[in-house]
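**Q** Okay, sequence plus prediction incoming.
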Amino acid sequence: MQQHLNKVIAGFVTLLLGGYILAIYWSSEPALFDVIAAAEQQSQQGTQQRVVGYVTANTLVEVSTTLLDKPGGYLSNDVLPPSVFMDNMPAWEYGALEMVRDLALSMRKDFSRSQSQSTEHLALKKAQPQFNISSTAWAWPSAEGEYRVGIEHLVAYRDQIADPNNRDSQFYARADNLRGWLKEAEKRLGSLSQRLSASVGQDRVNTDLAGDSAAHQATYAPSSTQVKTSWWKIDDVFYESRGASWALLHFLKAVEHDFADVLEKKNARVSLQQIIRELEATQETVWSPMILNGSGFGFVANHSLVMANYISRANAALIELSELLAQG
């Protein structure tokens, strides 16, 4: 009886240890990749021309595919152990997914259209909604299934703009198109910066109606509020920021290539490169076994504030870049 009990305990411990090791492996973040090299390789495989917009479209495909095919696959909607007990990687996935959604929407409504009265590209019209399904949907339809369908439509668009005989599929590298997408990225980074900074708690003044004496809002809001990210959510916000920065970093590198002439004309390439440099710093290795939440100038590090610093600087540079693009 004792021997049987020992075997059961040993099997349970082995199962726990195996699950722990698997969880660690699945928690490894995807490495950065060269967007130009990836596009070059893909164009050679498909014997396609690497036209304007090809790198951006291919990068969106690569980033979306990485979400599904990285170690462990897509984990946000898993209902079985060990992934059901993991939260850092699902948070990372959600951050990257939000950036994918923003770019897919911009591709549909701006980059692929010559003007506001032009028709939408059919493949992008089908692709963009596929990424809007809940990231945690696991039953039919599952998040992975819907995202893969979206990726297939993105691939179709990428291949069509590279076809010289397909005049109806275009990518327009214009300053106003780029500025529209950058504005969406600004909002994402601004929100992440605020949530990261709230790790230590802040007394924030309400500036919602600042700058407009006639402005009103639906319900009353106090003049100041105490904002603090829950202790249980600090690591989730941190890894969501890492995922969003990882995806945005690739998209900006692709944009730097496809919008090279526009950036040169506006003398804005250096500004974009500075944003890329700030976001690269967010991908540095985290050596601590856990995300620490020390006070601002305390003895213990606060990883959220360090991440907030890089993201805030990138966001400020994004705003400057957007203003440069708006100038004649």
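**A** Yep, it's here. Residues are numbered from 1 along each chain as shown.

**Q** ranges for the helices of the stretch 201-328 of the chain?
**A** 234-258, 260-265, 269-281, 303-326 (DSSP state H, counting those that start in this stretch).

**Q** Now mean pLDDT, mean neighbour count and distance to Val63 too, for those helices, in JSON lines please.
**A** C-beta here means a position set from N, CA and C on the backbone, and glycine is covered the same way. Formatted as JSON lines, those follow (pLDDT from 0 to 100; neighbours: other C-beta atoms under 10 Å; distance: least, C-beta to C-beta, whole Å):
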{"stretch": "helix 234-258", "mean pLDDT": "95", "mean neighbour count": "24", "distance to Val63": "5"}
{"stretch": "helix 260-265", "mean pLDDT": "94", "mean neighbour count": "15", "distance to Val63": "20"}
{"stretch": "helix 269-281", "mean pLDDT": "95", "mean neighbour count": "18", "distance to Val63": "14"}
{"stretch": "helix 303-326", "mean pLDDT": "93", "mean neighbour count": "20", "distance to Val63": "17"}
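
**Q** now the ones you listed in TSV, with distance to Ala91?
**A** Shown next, in TSV, are the helices of the stretch 201-328 of the chain (distance: least, C-beta to C-beta, whole Å):
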stretch	distance to Ala91
helix 234-258	4
helix 260-265	32
helix 269-281	18
helix 303-326	13
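
**Q** what's the closest of the ones you listed to Thr119?
**A** helix 234-258 (22.1 Å; C-beta to C-beta).

**Q** What is that closest one packed up against?
**A** helix 35-45, helix 54-69, helix 88-106, helix 175-197, helix 269-281, helix 303-326 (3 or more C-beta pairs under 8 Å, 6 or more residues apart in numbering; DSSP states H and E).

**Q** Only C-alpha atoms, please: export the longest one in PDB.
**A** When you say that, I think you mean helix 303-326. Output of helix 303-326 as PDB, limited to C-alpha atoms (Å, rounded to 0.1, in the frame of the first residue of the first chain):
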ATOM      1  CA  HIS A 303      10.200  47.300 -13.600                       C
ATOM      2  CA  SER A 304       6.900  49.000 -14.600                       C
ATOM      3  CA  LEU A 305       8.400  52.500 -14.200                       C
ATOM      4  CA  VAL A 306      11.400  51.500 -16.300                       C
ATOM      5  CA  MET A 307       9.100  50.200 -19.000                       C
ATOM      6  CA  ALA A 308       6.900  53.300 -18.700                       C
ATOM      7  CA  ASN A 309      10.000  55.500 -19.200                       C
ATOM      8  CA  TYR A 310      10.800  53.900 -22.600                       C
ATOM      9  CA  ILE A 311       7.200  53.800 -23.800                       C
ATOM     10  CA  SER A 312       6.600  57.400 -22.700                       C
ATOM     11  CA  ARG A 313       9.700  58.600 -24.600                       C
ATOM     12  CA  ALA A 314       8.600  56.600 -27.700                       C
ATOM     13  CA  ASN A 315       5.100  58.100 -27.400                       C
ATOM     14  CA  ALA A 316       6.500  61.600 -27.200                       C
ATOM     15  CA  ALA A 317       8.600  60.900 -30.300                       C
ATOM     16  CA  LEU A 318       5.500  59.500 -32.100                       C
ATOM     17  CA  ILE A 319       3.700  62.800 -31.400                       C
ATOM     18  CA  GLU A 320       6.600  64.800 -32.800                       C
ATOM     19  CA  LEU A 321       6.800  62.500 -35.900                       C
ATOM     20  CA  SER A 322       3.000  62.900 -36.500                       C
ATOM     21  CA  GLU A 323       3.400  66.700 -36.400                       C
ATOM     22  CA  LEU A 324       6.300  66.600 -38.800                       C
ATOM     23  CA  LEU A 325       4.100  64.600 -41.300                       C
ATOM     24  CA  ALA A 326       1.300  67.100 -41.000                       C
END
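
**Q** That one to helix 269-281, inter-axis angle?
**A** 160 degrees (axes from the mean of the first three to the mean of the last three C-alpha atoms, to 10 degrees).

**Q** Same check on the first one?
**A** Here helix 35-45 runs at 100 degrees with respect to helix 269-281, directions being taken by the same axes, to 10 degrees.
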